[in-house]
Structure formats: structure tokens, C-alpha cells
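Colleague: Predicted model and sequence follow; I will ask about them next.
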Amino acid sequence: MELSEKCELCPRKCGANRSAGKIGFCGGEKEAKIARAALHFWEEPCISGENGSGTVFFSGCTMRCIFCQNKEISRGEAGKTVSVERLAEIFIELMQKGANNINLVTPMHYAPQITAALDIARKNGLSLPIVWNTGGWELPEKIEEVKNYADIWLTDFKYFDNSLAEKFSFAKNYREIALASLKKMVEQTEKAVFDDAGMMKKGVIVRHLMLPGHLEDTKNVLRLLYENFGDKIWISIMNQYTPLCSDERYPELARAVSDEEYDEAIDFACELGIENAFVQEGGTVGESFIPPFDLEGV
């Protein structure tokens, strides 16, 4: 997988010549740009465990979610560029710190650099599962191209209603693209594999972040996921939406998800028959859950 002169790594296909130093819509550059590489303890239990997930936060994002908690890096502003060789070293360093896995956060716009770094790291002893942690709005063919590098897919399924995807994330045809990509992910893994300690070694976890006032969309997402994949995937139903958006055009996003909304979503999941699920308790809302993007480990 190589960085082409006309970037088409995401559904936007902006065509930026990143190999010549041009910056894509996502903020992606010629070299990978990262803002933090450290043990992370706030993922799903089978990812973080007691030792933590070796998480690498990449700068930039192909989406433009107006409620993004990681806006500091998703807009491509924070971070430092690193060579492929240095990225490979970072993976090894995280393994040496006791990480359960290597967790690549928002990686697809840097897939050529990441896969090259993983090739080097594997030759130097990297043996941990690789978590491909993505927003879900990915091209199916790109999911296929990285199948030998992704052991665990930790992906979002943000919306059922495409109009919400365009309104809040400026992403067209979100449901169709995300569903097609998710099918590729499931084809690659078939069924989750856990070790004796309950840590996932292979599988697909689909996250859905509930948005305030959009309970019906959440229900439609849950129904879609269960009808298409059943117990082949794990679904993480998240209530941690933090109202950071100050844009007056979106007044409905100025509050947290209510306990009543979340409880109804969980009840609906149970009624559908969903058993492979992660749920969150109270106290998940707040900026304290946002890690500092201070170049630790870079």
C-alpha cells in the first residue's frame, strides 16, 4: 500500500498530492502525524484490560463531526510528524511498556505509512494484536487492503439517517458506506476470539455514540447492526456524548444524553436479542475523559 499522487484513501477522494507535500481534506500529510502514543485505559474492557491499550492518536480525520471531543487533533492541528521508522519504534516501545495491543486511532488516512511501519515492527519482534480504531466511514476496498494488518476492528456506526450524517459530520451516504465497510470487517474476522484473561485477540466491536434527542436513530442503528450481523460482532452502546459544540445552529446538541434516553436504548437492544454488548454507567460525560494530546511517547 503506497501513498499515491492523487489521494483516494477515504470516501471524499479529495485527490491531494500528499506525496508532493500537499495536505488532504483530512489534514493528512506526507509523513504520519501523531499527537500521543501511550497506554490508554478508557477503551472497552477487552481492549484496555488492566495493562492498558497501546494507543497511537493520529492527527487529522476524514470526517468533520461538529461534536468531536478530539477536535484538537481531528482537525490536524496538534501533533508531530514522524518517519515510518520512528513509528515502528513507537509500536515496539508500547509493547515493551506492557500494552495489550497496538491501538491505531483514526488511522486510514495514514494507512500506507502505518502498514510500512508495522512491517518493520513485526520484523523487530512486534507480536501484539493490532486494533484498527476507525470512524467507520471508510471505503470497503481500503478495508480489504489492510486485512493483513488489522486483527481487531474497533469501528463506529454513528448514524442510520444519512441526513444526520451530512448535518453533523458532512459525510454523504454514510449508512451505505459504513455498512459495506463493516461487512468487509466481519468477513475478515468472522467471530471474536478472546484469550483466557478475556482480552480480545480478533474480532469486531462496533461503537455507537448516542446523540441527545436522536433516540430513534439509535434504535435504527441497533436494529440494522443486529439484523445484519447478529452475534458476529460486539456492540458498544455509548452515553458519553459531551456537549462541547457551541454552534448555535445545533441547539439540540447542547445537552448530554439523558438517563431515560440511554435506558430506553438499552431496553430496546435487549428486546432485539442483542447479547454481545458493552454498556456504560453514569459519569462518562466530561472533558476529563479526553486524553492530553501533549506528544507523550512521540
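Modeller: That came through fine.
Colleague: how far is the least confident helix or strand in the chain by mean pLDDT from where the chain is centred?
Modeller: For the chain, counting by mean pLDDT, DSSP states H and E, helix 71-74 ranks last in confidence among helices and strands (a mean of 86). Helix 71-74 has its C-alpha centroid displaced from the chain centroid by 14 Å (C-alpha atoms, centre = their mean, to the nearest Å).
Colleague: Quick check: residue 154 is in a strand.
Modeller: Yes. Under DSSP: H, G, I helix; E, B strand; the rest coil, residue 154 sits within a strand.
Colleague: and it, how far is that from residue 281?
Modeller: To residue 281, residue 154 is 20 Å away according to C-beta to C-beta, to the nearest Å. For every residue, glycine as well, the C-beta is placed using N, CA and C.
Colleague: Among those two, which residue is more densely surrounded?
Modeller: Neighbour comparison, residue 154 and residue 281: the larger count goes to residue 154, with 27 against 7 (by other C-beta atoms under 10 Å).
Colleague: thought the more buried one was touching residue 46?
Modeller: No. Counting by C-beta atoms under 8 Å, residue 154 does not reach residue 46; the two are 10.2 Å apart.
Colleague: Now list whatever residues contact both of those two.
Modeller: Shared contacts of residue 154 and residue 46 (C-beta atoms under 8 Å, 6 or more residues apart in numbering): residue 205.
Colleague: what's the distance between stretch 108-128 and the middle of its chain?
Modeller: Taking C-alpha atoms, centre = their mean, one finds stretch 108-128 lying 18 Å from the centre of the chain it belongs to.
Colleague: On the pLDDT front, check the closest residue to residue 72 other than its chain neighbours for me.
Modeller: Distances taken as C-beta to C-beta, 6 or more residues apart in numbering put residue 78 closest to residue 72, at 4.8 Å, once the chain neighbours are dropped. You'll see residue 78 listed with a pLDDT of 86.
Colleague: so what secondary structure elements neighbour the least confident helix or strand of the chain?
Modeller: Contacting helix 71-74 under the criterion 3 or more C-beta pairs under 8 Å, 6 or more residues apart in numbering; DSSP states H and E is no other helix or strand.
Colleague: Now do it: everything it contacts.
Modeller: Outside helix 71-74, the residues within contact range by C-beta under 8 Å, 6+ apart are 27, 35, 57-61, 63, 65, 68, 78-79, 106, 244, 293.
Colleague: If we use 6 Å, what do you get?
Modeller: Residues from elsewhere that reach helix 71-74 (C-beta atoms under 6 Å, 6 or more residues apart in numbering): 35, 57, 59, 61, 68, 78, 79, 293.
Colleague: Can you tell me the SS state at residue 235?
Modeller: Assigned by three-state DSSP, the conformation of residue 235 is strand.
Colleague: pLDDT of stretch 149-162, averaged?
Modeller: Stretch 149-162 carries an average pLDDT of 98.
Colleague: just how off-centre is it within its chain?
Modeller: 7 Å.
Colleague: ditto for stretch 225-236
Modeller: Distance of stretch 225-236 from the chain centroid (C-alpha atoms, centre = their mean) equals 17 Å.
Colleague: In that stretch, which residues are buried?
Modeller: Neighbour counts over stretch 225-236 (16 or more other C-beta atoms under 10 Å) mark 225, 226, 229, 232, 233, 234, 235, 236 as buried.
Colleague: Pick out the most distant pair among those residues.
Modeller: Greatest spatial distance in the buried residues of stretch 225-236: 232 and 236, 14.8 Å, computed using C-beta to C-beta.
Colleague: residue boundaries of the helices in the stretch 1-150 of the chain?
Modeller: Assigned by DSSP state H, counting those that start in this stretch, the helices in the stretch 1-150 of the chain fall at 45-48, 71-74, 84-96, 111-123, 140-145.
Colleague: any chance of the ones you listed in CSV, plus distance to residue 39 and mean neighbour count?
Modeller: What follows is the helices of the stretch 1-150 of the chain, written out as CSV (distance: least, C-beta to C-beta, whole Å; neighbours: other C-beta atoms under 10 Å):
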stretch, distance to residue 39, mean neighbour count
helix 45-48, 9, 19
helix 71-74, 18, 21
helix 84-96, 7, 19
helix 111-123, 17, 20
helix 140-145, 27, 17
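Colleague: Report the secondary structure state of the nearest residue to residue 161 once chain neighbours are set aside.
Modeller: Take residue 161 and drop its neighbours on the chain: the residue closest to it by C-beta to C-beta, 6+ apart is residue 217, 5.2 Å away. Under three-state DSSP, residue 217 falls in the helix class.
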